[in-house]
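Engineer: no sequence on this one, just coordinates:
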């Protein structure tokens, strides 16, 4: 991974991802003034520490080494969603507070697109990266051409909270927050193909499994439902959850779905081919995150009140238990050598060696109260949403050190990194 360069706006990685501050909006005070790179700091007495600034001369938050973009060109409030294109070259961000969708070029930090909408609650890239879909507010769903920023078509009306493309890229699924309906759209025409009804509360997440042959949805009615996307048939309904379903993972072969049931302290193992629960595995108190190794052999479950549980996916037995304080989210490295766990209380990320099921290293992302809520991994970096500190931490996987800290909107919860490989939640 290339190192973050303090004298530039962007910190590049092999994946083409970037360091970005998108927390408010506004133009440069003097558009004609060309930004100047940071020069050498003047000699200062030993007791005086220089203040780090970004490319535009604005001070950075304590501990930050770089800023993607500028305080002078940013979202004007909390971010509601974030997604990265499959090739890592473009980041899409949406703000429900400032009602804008923005596309950013990762190599340069240049803003490619800024569009005012009624609201942006979800964004999703097509598998080939040519399109990005946005949804939110009362303006329906919009499909944009990434290369040009051109509006391709509008879907709706539908007040959607969550979006997902099918693996073939021709079908777009949306989950309704208010109408409780899952809509399947023909992405090439913008016409609705099917409407799936059954959830009794808003649809929180939609995801394709079994190579697109099964659609898995999670609702605020505390149910997981499996659908045949080629019909309007509900294949299976998983009920009896005493709490919300926080974690969802799909095995690399698409044949098995794992759901972490926070209230009942277990993980449901669902056969996506028969749409039946084949096993329920007790894991611990308040399971909130689940991730499966790329070979499908092991399952890592974060139990917020009782540590990390490692499950043998083949027979459902417990392979190991780790006493990690307040673990909440887990993500697998692309090659499967590490499982990364966020700990809310200590404000740290822990790397677990998947060969030995032992902790290999830890890194702090902030003091108590930082609350690292979600983690996502790429070949070169970890991305951590710190809900308590209103920041995004970027960790270099090769050194396992924090490379940058980015100020975001209030209470960042979710991170999306679009890449080919296993789907973990």
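Structural biologist: Arrived safely. In this text, all values refer to a predicted model and were calculated from it rather than measured experimentally. Numbering: from 1, shown residues only.
Engineer: would you point out the helix or strand in the chain whose mean pLDDT is lowest?
Structural biologist: In the chain, no helix or strand scores lower on mean pLDDT, DSSP states H and E than strand 245-250, which sits at a mean of 80.
Engineer: can you tell me what sits against it?
Structural biologist: If you take Cβ atoms under 8 Å, 6 or more residues apart in numbering as the criterion, strand 245-250 is touched by 205, 207, 209, 216, 218, 222, 224, 256-262, 272, 287-292, 299, 301-302, 330, 422-425. Where you see a C-beta, it was placed from the backbone N, CA and C, and this is true even at glycine.
Engineer: in helices, which of those appear?
Structural biologist: In helices, defined here by DSSP state H, there are no members of the contacts of strand 245-250.
Engineer: now, those residues that are in strands?
Structural biologist: Per DSSP state E, strands hold the following members of the contacts of strand 245-250: 205, 207, 209, 216, 218, 224, 256-261, 287-292, 299, 301-302, 330.
Engineer: pLDDT below threshold where in the protein?
Structural biologist: Counting by pLDDT under 70, the chain has low-confidence residues at 1-50, 55-58, 67-79, 96, 107-109, 210, 240-244, 417-425.
Engineer: kindly report the domain assignment for it.
Structural biologist: Taking automatic domain parsing as the domain assignment, the ranges for the chain are 1-30+53-157, 163-239, 244-425.
Engineer: next, the distance between the ends of stretch 391-410.
Structural biologist: Using Cα to Cα, to the nearest Å, the end-to-end distance of stretch 391-410 comes to 8 Å.
Engineer: could you do stretch 165-176 as well?
Structural biologist: Distance across stretch 165-176, first residue to last, is 15 Å (Cα to Cα).
Engineer: ok, now how distant is residue 185 from residue 191?
Structural biologist: With distances taken as Cβ to Cβ, to the nearest Å, residue 185 is found 7 Å from residue 191.
Engineer: sorry, wrong one. I was asking about residue 356.
Structural biologist: 52 Å.
Engineer: list the buried residues in stretch 301-319.
Structural biologist: By neighbour count on 16 or more other Cβ atoms under 10 Å, the buried set for stretch 301-319 is 301, 302, 303, 304, 306, 307, 308, 309, 310, 311, 313.
Engineer: so how far is it from its chain's centroid?
Structural biologist: Its chain's C-alpha centre and that of stretch 301-319 lie 22 Å apart, by Cα atoms, centre = their mean, to the nearest Å.
Engineer: contacts for that stretch?
Structural biologist: Under the criterion Cβ under 8 Å, 6+ apart, residues 247, 251, 256, 260, 265, 267, 269, 279, 281, 283-290, 292, 296-300, 320-330, 341-342, 344, 352, 357 lie in contact with stretch 301-319.
Engineer: show the buried residues in those.
Structural biologist: Applying 16+ other Cβ under 10 Å to the contacts of stretch 301-319 flags 247, 251, 256, 260, 265, 267, 269, 279, 281, 283-284, 286-290, 292, 296, 298-300, 322, 324, 326-330, 341-342, 344, 352, 357 as buried.
Engineer: neighbour count winner among residue 185 and residue 191?
Structural biologist: residue 185 (25 against 10; other Cβ atoms under 10 Å).
Engineer: which SSE is the nearest residue to the more buried one once chain neighbours are set aside in?
Structural biologist: Ranked by Cβ to Cβ, 6 or more residues apart in numbering and with sequence neighbours excluded, the top spatial neighbour of residue 185 is residue 172, at 4.5 Å. Assigned by DSSP states H and E, residue 172 falls within strand 171-176.
Engineer: elements contacting the very next helix or strand once past that strand?
Structural biologist: Next helix or strand after strand 171-176 toward the C-terminus (DSSP H and E): strand 181-186. Packing partners of strand 181-186 (3 or more Cβ pairs under 8 Å, 6 or more residues apart in numbering; DSSP states H and E): strand 171-176, strand 192-197, strand 203-209, strand 214-219.
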